[in-house]
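Asker: Quick one, what's the 3D model for this:
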Amino acid sequence: MQSLSRVFWKRATVAVAALLSLATAAQAEVKLPNIFTDHMVLQQGQKNKVWGKAAPDEEVTVSIGGQTHKAKGAADGSWSVFLEPLPVGGPHQLKVNNLVIDDVLVGEVWVCSGQSNMQWSVNASNDPDLERLAAKFPKIRMINFPQVGTQEPIWSHDRKWEVCAPDKIGNWSAVGFFFARQLHLTLDVPVGMINNAWGGSACEAWIARDVLAKDEKYKPLMERWVGMEKVYNELLAKEKDLTEEQKKQLGGMRGNMGGNSRPGNIYNGVLKSHLGYGIKGAIWYQGESNAGRAYQYRDLFPLMIDSWRKEWAQGDFPFYWVQLADFKGENPNQFDSDWAELREAQTMTMSRLPNTGEAVIIDIGEGKDIHPKNKVDVGRRLARWALAKDYKVQIPHHSPQYKSMEKQGNKIVLTFDHLDGGWRPFDVNEPRGFIVCGPDKKWVPAKAALVKDNKIEVQADGVADPIAVRYGWADNPVVNLFNGAGLPLTPFRTDDFPGVTINNK
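Answerer: All right, here's what the predicted structure looks like:
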């Protein structure tokens, strides 16, 4: 009997061990995308989606801060739950079956996106040594996504959340960091930044391809890419038999196919991996790569914002961008400019979509460098929008903007909105940067003066019958108007004459 008992318990122990092994193996199937790692920040005051992969039919248990949620792996292994709103604070542990994520804070989460001026690092900006020395804000975190261009959605990457510290922030987005620091110091809450910017990227690369294909306006753009893709695939199919010239052609095309301009490439390769993560809003600095197609950008940019909002499924979340800075040589006789047209397209977006705003930086660019080093003021001007609109802080945030004009003989009188504290011309008392034209549509430099009720009076010698006015209408205009809060006047034109960029390809 004793021998049989020992055999029974031995067999039972083996069976239990086997079951435990199977359970552990099943739990080992649970995976999370890299947006869920140690030091992550969850958005306060709203439900937050947590998602991942598991074995089909596997039970998944997610817990944090006293709440528990369950899901089951679908046929393709996908699963998701929504956490109930959490108050500001932490640190918490997020547990997903046998996975444990430590040091989770709850605060404000923003996406910082765009091209190189958003990607531009703290190390490459003004006073990086001082900024690193003072970077002692453990409640500011950032995750920096890699640059991957593909037509197939990428589910996860190898990047992790980082905690702000002197040895960490050097390679962070400078605009993203300075924006986060201003929010953190003002609101006294944790701030998490999702940095997915990619230098040189075109707006269409950030949009799902099927969204672009549905709109006739982008047919020339899409047809051009379809033609390139056809040639590429033909060359790829016979790669072993190519001539040296064809091999060079194929090599050059590989970069385009995996690059940052192909429609849908960044949407799939970068954005898709974290699209849906709980956020408060997004900040954006891009447009240089689309300046040659500024009229197209009038629709393309709002389309991108709208498509992000629809897929993120968080309603019309705040979206604030940086208007292009001044760049290239100053030319007082430049009356047409693709950069000015792109700035105009950006400004127009505020009237096209709700919960949007524009940080004007026409005063802090560098003529010799497309990457101005003053990123502190850029981050602060974006932060003004967020603080005023989303956190109800009573501060000026909107740059002065043209409202209307009235012709008075040989003069035009202009009216403006958002004159917090009135006008403050920089350097000299006379407003600079205006041009006017008559019925012949020939532009000439104009004289301007501040008049009653904060209006501006504009006239030009030789123009007896002025019909239109422009301000700051150049790549790098000489302008000097600010409101009392130090925000520069938004470049504008009162006309709608055809411009220099009409290429939609």
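
Asker: how much space is there between residue 185 and residue 175?
Answerer: Per CB to CB, to the nearest Å, residue 185 is found 16 Å from residue 175. For the C-beta atoms, the positions are set from N, CA and C on the backbone; glycine is no exception.

Asker: Which one's more surrounded, those two?
Answerer: Using other CB atoms under 10 Å, the more surrounded residue of residue 185 and residue 175 is residue 175, with 32 against 12.

Asker: Next up, the contacts around the more buried one.
Answerer: Taking CB atoms under 8 Å, 6 or more residues apart in numbering as the criterion, residue 175 is in contact with 112, 117-118, 120, 283, 285, 322, 375, 378-379, 382.

Asker: Please pick the buried ones from the residues you listed.
Answerer: 112, 117-118, 120, 283, 285, 322, 375, 378-379, 382 (16 or more other CB atoms under 10 Å).

Asker: ok, of these, which one's closest to residue 443?
Answerer: Residue 443 has its nearest neighbour among these in residue 322, at 27.0 Å by CB to CB.

Asker: quick one: residue 302 from residue 188, how far?
Answerer: Residue 302 is 34 Å from residue 188, by CB to CB.

Asker: for stretch 127-143, what is the average pLDDT?
Answerer: For stretch 127-143, mean pLDDT rounds to 98.

Asker: so how far does it reach from one end to the other?
Answerer: Stretch 127-143 has an end-to-end distance of 23 Å (CA to CA, to the nearest Å).

Asker: Let me see the confidence value for the closest residue to residue 207 other than its chain neighbours.
Answerer: In space, and not counting its chain neighbours, residue 207 is closest to residue 304: 5.1 Å by CB to CB, 6 or more residues apart in numbering. Per-residue pLDDT puts residue 304 at 98.

Asker: now do residue 191
Answerer: pLDDT, residue 191: 99.

Asker: Looking at residue 302 and residue 188, which one has more neighbours?
Answerer: A side-by-side neighbour count of residue 302 and residue 188, using other CB under 10 Å, places residue 302 first with 19 against 10.

Asker: phi, psi of the more buried one?
Answerer: As for residue 302, its main-chain torsions (degrees, to the nearest 10) stand at phi -60, psi -30.

Asker: what sits against it?
Answerer: Taking CB under 8 Å, 6+ apart, we find residue 302 in contact with 349, 352-353.

Asker: got it, and residue 406?
Answerer: Neighbour list for residue 406: 412-413, 415 [criterion: CB under 8 Å, 6+ apart].

Asker: again with residue 102
Answerer: 38-39, 91, 93.

Asker: try 6 Å
Answerer: Contact analysis of residue 102 by CB atoms under 6 Å, 6 or more residues apart in numbering lists 38, 93.

Asker: Residue 402 contacts residue 494, correct?
Answerer: No. Using CB atoms under 6 Å, residue 402 makes no contact with residue 494, being 7.1 Å away.

Asker: who's more crowded, these two?
Answerer: More neighbours surround residue 402 than the other of residue 402 and residue 494, with 20 against 17 (other CB under 10 Å).

Asker: how close does that one get to residue 460?
Answerer: Residue 402 is 18 Å from residue 460, where distance means CB to CB.

Asker: One more: residue 121?
Answerer: Relative to residue 460, residue 121 is positioned 44 Å away (CB to CB).

Asker: Which of the two has more residues huddled nearby?
Answerer: Summary of the neighbour comparison: residue 121 and residue 460, criterion other CB under 10 Å, with residue 460 having more neighbours (22 against 16).

Asker: Just after the longest strand belonging to the chain, pick out the following helix or strand.
Answerer: Ranked by number of residues, the top strand in the chain under DSSP state E is strand 99-114. On the C-terminal side of strand 99-114, the closest following helix or strand by DSSP states H and E is helix 116-119.

Asker: CA atoms only: put that following helix into CSV for me.
Answerer: Provided in CSV are the C-alpha atoms of helix 116-119 (Å, rounded to 0.1, in the frame of the first residue of the first chain):
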residue,chain,number,x,y,z
SER,A,116,13.1,67.3,-38.5
ASN,A,117,12.2,70.5,-36.5
MET,A,118,10.2,68.3,-34.1
GLN,A,119,12.7,65.6,-34.1
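
Asker: Need the nearest residue in space to residue 306, chain neighbours excluded.
Answerer: Nearest-residue entry for residue 306: residue 353, 6.6 Å, with adjacent residues in sequence omitted and distances by CB to CB, 6+ apart.

Asker: now residue 505
Answerer: That would be residue 220: by CB to CB, 6+ apart, it lies 4.7 Å from residue 505.

Asker: For that neighbour, grab the count of nearby residues.
Answerer: 13.

Asker: hang on, isn't it packed against residue 296?
Answerer: No. Counting by CB under 6 Å, residue 296 is not a contact partner of residue 220; they are 9.3 Å apart.

Asker: give the contact list for residue 370.
Answerer: Contacts for residue 370 (CB under 6 Å, 6+ apart) come out as residue 327.

Asker: Distance of it relative to residue 341?
Answerer: Going from residue 370 to residue 341 by CB to CB gives 17 Å.

Asker: Residue 162: what's it in contact with?
Answerer: By CB under 6 Å, 6+ apart, the residues touching residue 162 are 142, 168.

Asker: One more: residue 222?
Answerer: residue 213.

Asker: likewise residue 458?
Answerer: 412, 434, 436, 446, 448, 469.

Asker: Which parts of the stretch 201-350 of the chain are strands?
Answerer: Under the criterion DSSP state E, counting those that start in this stretch, the stretch 201-350 of the chain contains strands at 281-285, 319-322.
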